[in-house]
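1. dropping the sequence and predicted coords here.
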Amino acid sequence: MNRRLLPHPLLTLALALIWLLLVNSLAFGHVVLGLLLGWAIPLFTRRFWPDTVTIRNPATLARFIAVVMYDIVVANVSVARRILGRPERLRPAFVVVPLALRSELAISLLANTISLTPGTVSSRLSPDRRSLLVHALDVDDRDALIASIQQRYEAPLKEVFEC
């Protein structure tokens, strides 16, 4: 496949699927428009992508996506219960998460994943890119939160993008 005409095939497919989900239609025109957008966006933004994205382990990526989706649903219920229940019992905290990731893409995906999960927000990446400051809505054990982020999110991203 010619990388000049189709620089990011997986991104093209993902953008087309996202378009179809957004319009909630499988009409021929929407499929064509989704594919056109999925092709054009990566084509016209390729100069902003310094490196070609290589997915080293697609199965791990699929498991990672499933874990993130599950965590988003569970966290939504948990945050709603905590907020609607007794918000004065919340123990918000900032936690510094040391990073093993070195790839800019993997670090960005980790920070975005943390922010997508209700109850946690990535606040700041250290200048040396060795740690990420995370704000959590309710923290009873900082070490457990750090270990959870590293095991559930960082380790799979390292396996997919850096091994």
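-> Structure's in. What do you need?

2. quick one: buried residues of stretch 109-127?
-> Under the neighbour-count criterion of 16 or more other CB atoms under 10 Å, stretch 109-127 has 109, 110, 111, 113, 114, 117, 118, 119, 120, 121, 122, 125 buried. For glycine as for every other residue, the C-beta is placed from the backbone atoms N, C-alpha and C.

3. and which of the residues you listed is nearest residue 67?
-> Taking CB to CB as the measure, residue 67 lies nearest residue 113 of those, at 9.4 Å.

4. returning to that earlier point: from the buried residues of stretch 109-127, which land in strands?
-> Taking DSSP state E, the ones among the buried residues of stretch 109-127 that sit in strands are 120, 121, 122, 125.

5. for the last one, which residues count as its bridge partners?
-> To tie it back to what came earlier, the one meant is residue 125. Note on residue 125: beta-bridge partners residue 132, judged by DSSP bridges.

6. with the first one instead?
-> Beta bridges link residue 120 to residue 136, judged by DSSP bridges.

7. counting by contacts, list what the longest helix seen in the chain packs against.
-> Ordering each helix of the chain by length in residues (DSSP state H) puts helix 58-84 first. When contacts are defined as 3 or more CB pairs under 8 Å, 6 or more residues apart in numbering; DSSP states H and E, helix 58-84 sits against helix 104-116, helix 155-161.

8. can you redo the ones you listed as JSON lines with mean pLDDT and distance to residue 90?
-> Below are the helices and strands packed on helix 58-84 laid out as JSON lines (pLDDT from 0 to 100; distance: least, CB to CB, whole Å):
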{"stretch": "helix 104-116", "mean pLDDT": "94", "distance to residue 90": "18"}
{"stretch": "helix 155-161", "mean pLDDT": "95", "distance to residue 90": "28"}
